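S.K.: Give me a model of this one.
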Amino acid sequence: QRVSTEIPWYQPFHCNQDAQSYHPDTPHIRRLVPGGWFDAGDLTQITEQTAPITYLLFEYAEKIAKEGGDKDLYDRIIEEGKWGLDWLLKTNFGDGYRTNLIFYGLGKGIPGDGDPSSAATNSPLYNFMVSTAEIQAYKMLKDSDPELAKRAYTMAREDWKQAVLKENEWMDYAREHNTHINGSDQDGPSMYAAWGIIAAIALFEATQNPIYKNKAIEYGRILISCQEQKFLHDVPITGYFYKHPSKKIRRQDGNGGRSEVPINALSKLAKTFPDSDDWIQWYSALLIYSEYFAKQNKGTTPYDLSPIAVYKETDYLLAAESLQAETKRMIEEGTKIDDNFYLRHFPICPYVTNGTSGNTLQNGTISACTAQIRGDLESEEIAQKQLQWVLGRNPFSKSMAYDIGYDYHNFLNFSKGHMVGGFALGMDSLHNDSPYWSSSAYYTSKEPYVGTTYRFWHAAMLLSSPAYVTGKVKPAKSKMVMFVNRTT
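M.R.: Alright, predicted model coming up:
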């Protein structure tokens with residue numbers, strides 16, 4: 001849902017027009033920053049949601065244009081993408097500083113009347129994210145809106161530059177203690193490198209500057225070094241990622257995580273640079289994750305949910321002391337791999353009921369990516385089943401989307417009401433690594449969440465792509481090109 005725009009019978013135009021932000025060095029100089037989209041029913045606005053959504057909108061527009069799709073849909077997506085881009089541009093304070101989080105609340109839109117405000121922060125991860133959105137916007141707007149495209153192009157290069165300048169800082173960073181056991185925070189070089197790859201590829205496609213190609217390949221090596229590629233004590237489960245090449249802390253993403261980003265980054269590398277010497281490393285990483293992690297879903301038949309993460313028995317010690325007993329119980333209720341490790345299909349949420357639809361849809365995006373690269377119909381079917389789960393093909397026969405799917409539910413929306421097509425955070429898991437769904441509308445499981453909505457859209461976009469074949473053939477006037485079954 002848009003912030004600071006009129007929605008008839010729903011939201012007045014003046015709502016949150018007074019939102020402000022400032023550079024921490026000059027707190028007395030305020031800037032109005034209305035716009036973008038609400039993160040959830042709590043009326044926050046977060047760069048880590050707005051930037052990926054904006055990027056995805058313009059990426060989808062590019063897909064429609066290439067395939068000769070619906071012109072009205074294309075125009076509508078471009079319009080919505082501009083809305084997100086406008087907020088990303090106006091919240092840039094220079095030198096890597098930007099507004100990354102703001103709590104809007106139910107403001108009256110009158111400056112000086114309890115205005116929501118937030119200090120800009122400097123995050124190389126968000127710089128990478130925003131650079132990706134800005135350069136993708138440039139690609140799609142350079143003909144139709146050259147002035148806006150020029151601004152986006154300039155800021156994309158600047159955001160990229162600021163993120164790369166802090167490369168040593170984020171490469172050296174390896175948090176040894178997680179404040180949340182499920183790793184909803186996005187720290188660690190594996191996530192920085194993954195977003196750096198996606199940004200570098202988009203910049204390379206727009207400029208053909210080899211600097212971006214070389215950085216994408218360099219970051220690809222960092223990302224590969226964060227992947228587990230060995231079996232755990234001869235148990236055929238591997239391919240998951242750690243936060244750091246030291247491989248001390250595994251990525252264990254909750255609903256705010258981005259487990260699909262490393263796979264999406266490797267997929268884009270393999271598509272964009274098929275002649276690279278590193279191509280087989282990217283492909284191998286995708287194959288390993290697909291075959292030895294994403295397909296470990298037999299215990300969830302007939303729903304075939306892909307797993308979320310591998311947990312070590314002692315990982316409960318990473319949680320806050322007050323949560324360690326509950327975290328230990330939840331780890332041990334996963335599928336036991338060996339004496340020390342457990343596999344879970346739902347994230348561990350000992351501190352609050354969090355919802356798991358985002359995790360399910362992240363796995364849908366992952367399997368859709370690997371299906372495209374590998375031509376793997378089994379992965380495509382797994383991806384479809386993750387989407388089917390949130391639309392009603394689950395043990396409760398309930399859709400997680402409002403007014404979409406089978407037997408949808410009411411949201412817990414204490415602020416903005418219900419929006420058709422919106423997704424809630426989804427089912428919890430309280431015991432035995434199994435889903436839990438209450439008949440009550442409660443926080444946060446049934447709270448609307450833009451992260452779930454765009455993850456569904458991302459996976460659906462990948463699955464809707466037509467079949468394609470790539471390769472090289474010698475020029476010929478009449479010679480027939482034959483396609484044969486790869487298995488024979």
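S.K.: hey, let's count contacts and neighbours off CA atoms from now on
M.R.: Fine.
S.K.: any idea which element T327 lies in?
M.R.: Mapping T327 onto the secondary structure by DSSP states H and E places it in helix 324-332.
S.K.: I'd like the next helix or strand past that helix.
M.R.: Toward the C-terminal end, the helix or strand that comes next after helix 324-332 (DSSP H and E) is strand 335-336.
S.K.: Which elements pack onto that following strand?
M.R.: strand 341-344 (3 or more CA pairs under 8 Å, 6 or more residues apart in numbering; DSSP states H and E).
S.K.: now do 10 Å
M.R.: strand 309-312, strand 341-344 (3 or more CA pairs under 10 Å, 6 or more residues apart in numbering; DSSP states H and E).
S.K.: mind checking the backbone torsions on the nearest residue to N92 once chain neighbours are set aside?
M.R.: By the measure of CA to CA, 6 or more residues apart in numbering, the closest residue to N92 outside its immediate chain neighbours is R98, 4.4 Å from it. For R98, the backbone dihedrals are phi -150, psi 160 (criterion: degrees, to the nearest 10).
S.K.: R98 and L125 touch, don't they?
M.R.: No - at 11.7 Å, R98 does not count as touching L125 under the criterion of CA atoms under 10 Å.
S.K.: just the CA coordinates of the host helix or strand of K268, formatted as PDB?
M.R.: K268 belongs to helix 260-272 when elements are defined using DSSP H and E. What follows is the C-alpha trace of helix 260-272 in PDB, where atoms were taken according to Å, rounded to 0.1, in the frame of the first residue of the first chain:
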ATOM      1  CA  GLU A 260      16.600 -16.400  -2.100                       C
ATOM      2  CA  VAL A 261      19.200 -13.600  -2.800                       C
ATOM      3  CA  PRO A 262      22.400 -15.700  -3.000                       C
ATOM      4  CA  ILE A 263      20.700 -18.200  -5.400                       C
ATOM      5  CA  ASN A 264      19.200 -15.400  -7.500                       C
ATOM      6  CA  ALA A 265      22.700 -13.800  -7.700                       C
ATOM      7  CA  LEU A 266      24.300 -17.000  -8.800                       C
ATOM      8  CA  SER A 267      21.600 -17.600 -11.400                       C
ATOM      9  CA  LYS A 268      22.100 -14.100 -12.800                       C
ATOM     10  CA  LEU A 269      25.800 -14.700 -13.000                       C
ATOM     11  CA  ALA A 270      25.300 -18.000 -14.900                       C
ATOM     12  CA  LYS A 271      22.800 -16.300 -17.300                       C
ATOM     13  CA  THR A 272      24.800 -13.100 -17.900                       C
END
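S.K.: still on that earlier bit, common neighbours of R98 and L125, please.
M.R.: The contact sets of R98 and L125 overlap at D159 (CA atoms under 10 Å, 6 or more residues apart in numbering).
S.K.: rewinding a little: now do the buried residues in the helix holding T327.
M.R.: Taking 16 or more other CA atoms under 10 Å as the basis for neighbour counts, the residues of helix 324-332 that come out buried are Q324, T327, K328, R329, M330, I331, E332.
S.K.: Contacts for it next, please.
M.R.: Helix 324-332 is touched from outside by 181-182, 310-321, 333, 340-344, 346-351, 429-433, with contacts defined as CA under 10 Å, 6+ apart.
S.K.: For these, which ChimeraX command selects only the ones that are buried?
M.R.: Restricted to the buried members of these, where burial is judged by 16+ other CA under 10 Å, the ChimeraX selection command reads as follows:
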select :181,182,310,311,312,313,315,316,317,318,319,320,333,341,342,343,344,346,347,348,349,350,429,430,433
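S.K.: Residues touching the helix or strand that the helix holding K268 is followed by, excluding its own?
M.R.: Scanning forward in sequence from helix 260-272, with DSSP H and E defining helices and strands, the next element found is helix 279-289. In this structure, residues lying in contact with helix 279-289 by CA under 10 Å, 6+ apart are 217, 220-221, 223-224, 227-230, 237-241, 262-274, 276, 290, 293-295, 366-367, 369-371, 373-374, 376.
S.K.: same thing with stretch 292-302?
M.R.: 229, 231, 235-240, 287-290, 303-310, 335, 343, 345, 363-364, 366-367, 370, 378-379, 382-383, 385, 393-395, 434.
S.K.: Return the distance of that stretch from the chain's centre.
M.R.: 22 Å (CA atoms, centre = their mean, to the nearest Å).
S.K.: quick revisit: from F38, how far out is the residue nearest to N92?
M.R.: From R98 across to F38, the span is 17 Å (CA to CA, to the nearest Å).
S.K.: Look at those two and report which has more neighbours.
M.R.: With other CA atoms under 10 Å as the criterion, R98 and F38 differ in neighbour count, and R98 comes out ahead with 27 against 24.
S.K.: Now do the same contact list for K71.
M.R.: Contacts of K71 (CA under 10 Å, 6+ apart): A61, I64, A65, I77.
S.K.: ok, now how distant is the second one from S465?
M.R.: When CA to CA is the yardstick, I64 and S465 sit 10 Å from each other.
S.K.: what about those two, which has more around it?
M.R.: Per other CA under 10 Å, whichever of I64 and S465 has more neighbours is I64, with 17 against 13.
S.K.: and the more buried one, what helix or strand is that in?
M.R.: Using DSSP H and E, I64 falls within helix 47-67.
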